[in-house]
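1. below is the structure, and that's it, no one-letter string:
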């Protein structure tokens, strides 16, 4: 299984790239983690939020393959503990489908993106800066995988 994080926004600060790459590098081949950046919609006075969302939806959905399982990260999504996420990761691995985790832009997702998603996931009830989400998500996926492998990275629960 391959996991692709498809995120709105390009040209992230070096610390974001380094943080994401550190955890992606630690992931094994059987659940490799890859980042795909898509362009954010250009903001302007003449453009409504609906227009911006539609443009970003097109950018996101253009890179999603028909065979991939899609999970959208939203505030309203399901929250997992570390052990729950590791059990979910086990189910994903057993399912054998490649996965796409979608991170939207500042305005969230257009309805068509949420319709394409098989589920939604919330990292927290807190609001994170979009660049930070990439690093937190990569770390949490690595943590869940390390729990499955009985590696000492995670302590607790």
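-> Received the coordinates, thanks. All figures in this text were calculated on a predicted structure; none of them were measured in a lab.
2. tell me the SS of residue 90?
-> For residue 90, the assignment made with DSSP: H, G, I helix; E, B strand; the rest coil gives helix.
3. residues contacting the nearest residue to it once chain neighbours are set aside?
-> Distances taken as C-beta to C-beta, 6 or more residues apart in numbering place residue 148 nearest to residue 90, at 5.8 Å, with adjacent residues excluded. C-beta: built from backbone N, CA, C; applies to glycine. Residues near residue 148 by C-beta atoms under 8 Å, 6 or more residues apart in numbering: 86, 89-90, 93.
4. residues touching the residue nearest the centre of the chain, list them.
-> With distances taken as C-alpha atoms, centre = their mean, residue 101 lies nearest the centre of the chain, 3.5 Å away. Shown in contact with residue 101 (C-beta under 8 Å, 6+ apart): 3-6, 71, 73, 121, 137.
5. so which of the residues you listed is the closest to residue 115?
-> Nearest to residue 115 among the contacts of residue 101: residue 71, at 13.3 Å, using C-beta to C-beta.
6. against residue 87, how distant is the closest one?
-> The gap separating residue 71 from residue 87 is 15 Å, by C-beta to C-beta, to the nearest Å.
7. those two - which one has more neighbours?
-> Each of residue 71 and residue 87 has its neighbours counted (other C-beta atoms under 10 Å); residue 71 has more, 20 against 15.
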